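Novice: Attaching a predicted model along with its sequence, questions to come.
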Amino acid sequence: MQTTFRGNPLHRLKLVLATCLSAAVIFPAIAHEGTHSLAARSGVARGGDFTLESSSGRVALKQFRGKVVVLYFGYTSCPDACPTTLAALGAAMKGFTPAEADQVQPLFITLDPARDDAKHMEEYSRFFYPSMLGLRGTDSQVAAVAKHYGVLFARQKVDSAANYVIDHSSLLYVVGADGKLASSVPYGAPPLEIAAALRAALPRPAK
């Protein structure tokens, strides 16, 4: 059965997230099976600029020059990989000093624009971290951005054409202050590993 958060209060998302985190600890391989065979995989990641839509208008990667940007591709109806990865990213961000956090912009890009409207993306993203932006585009726009970053994804029907899940890469992609892809963080990485990757990409103060 597919888990969905649309139209439900945030306390339900908290409950589902707690369940997913518990499952990830007890059954660490669960998200690599079935509909998440692509979770730990990625194609050739070259990076590059893009422009997508948020609830408040167009957002371009280049507008964050001078900051580190961390990208995650997923969808809000994802039953486990997305909420656990975004929770780990949020925990990493919350461990930063205010000065460090100000230099990092997290972006969550939906691979399911048909079901993830801009308002829902905003609410879902901010649940994990207040400054996280939820972005969407047309199917072709999203596919193009995903290809640039080596993200693999495929829709899998559950019991009807309208009821589906998306198998997808679940890596985090770190873009440096210069706008170039700096590194990726593997699926399942704990908050400390995510924080280390982000800190490594932070601009060094001039001497």
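Specialist: Received it, and whenever you're ready, just let me know what you need.
Novice: Helices of this protein, start to end?
Specialist: For the chain, helices defined by DSSP state H occupy the ranges 10-26, 81-94, 98-101, 118-128, 139-148, 191-201.
Novice: Any buried residues in the third one, and which?
Specialist: In other words, helix 98-101. Neighbour-count burial for helix 98-101, counted by 16 or more other Cβ atoms under 10 Å, picks out Ala101. The way it works is simple: take the backbone N, C-alpha and C, and place the C-beta from them, glycine included.
Novice: Distance-wise, check Lys94 relative to Leu86.
Specialist: Lys94 sits 12 Å away from Leu86 when distances are taken as Cβ to Cβ, to the nearest Å.
Novice: about what we covered before: who wins for proximity to Val44 among the helices of the chain?
Specialist: Among those, helix 139-148 comes nearest to Val44, with 9.1 Å by Cβ to Cβ.
Novice: can I get the CA coordinates of that closest one in CSV?
Specialist: Presented in CSV, the C-alpha positions along helix 139-148 are these (Å, rounded to 0.1, in the frame of the first residue of the first chain):
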residue,chain,number,x,y,z
ASP,A,139,8.0,16.1,-16.5
SER,A,140,10.5,17.1,-19.1
GLN,A,141,12.1,19.8,-17.0
VAL,A,142,12.5,17.5,-14.0
ALA,A,143,13.8,14.7,-16.2
ALA,A,144,16.5,17.0,-17.6
VAL,A,145,17.7,18.2,-14.2
ALA,A,146,17.7,14.6,-12.9
LYS,A,147,19.8,13.5,-15.9
HIS,A,148,22.4,16.3,-15.2
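Novice: Contacts made by it with the rest, please.
Specialist: With contact meaning Cβ atoms under 8 Å, 6 or more residues apart in numbering, helix 139-148 is reached by 43, 45-48, 50, 52, 73, 109-111, 113-114, 136-137, 153.
Novice: Which positions in that helix come out as buried?
Specialist: For helix 139-148, by 16+ other Cβ under 10 Å, it's Gln141, Val142, Val145, Ala146, His148.
Novice: Repeat that for stretch 91-98.
Specialist: Ala91, Ala92, Met93, Phe96.
Novice: now the end-to-end length of that stretch.
Specialist: End-to-end span of stretch 91-98 (Cα to Cα, to the nearest Å): 14 Å.
Novice: Asp112 touches His120, doesn't it?
Specialist: No - if you go by Cβ atoms under 8 Å, Asp112 and His120 don't touch, sitting 10.5 Å apart.
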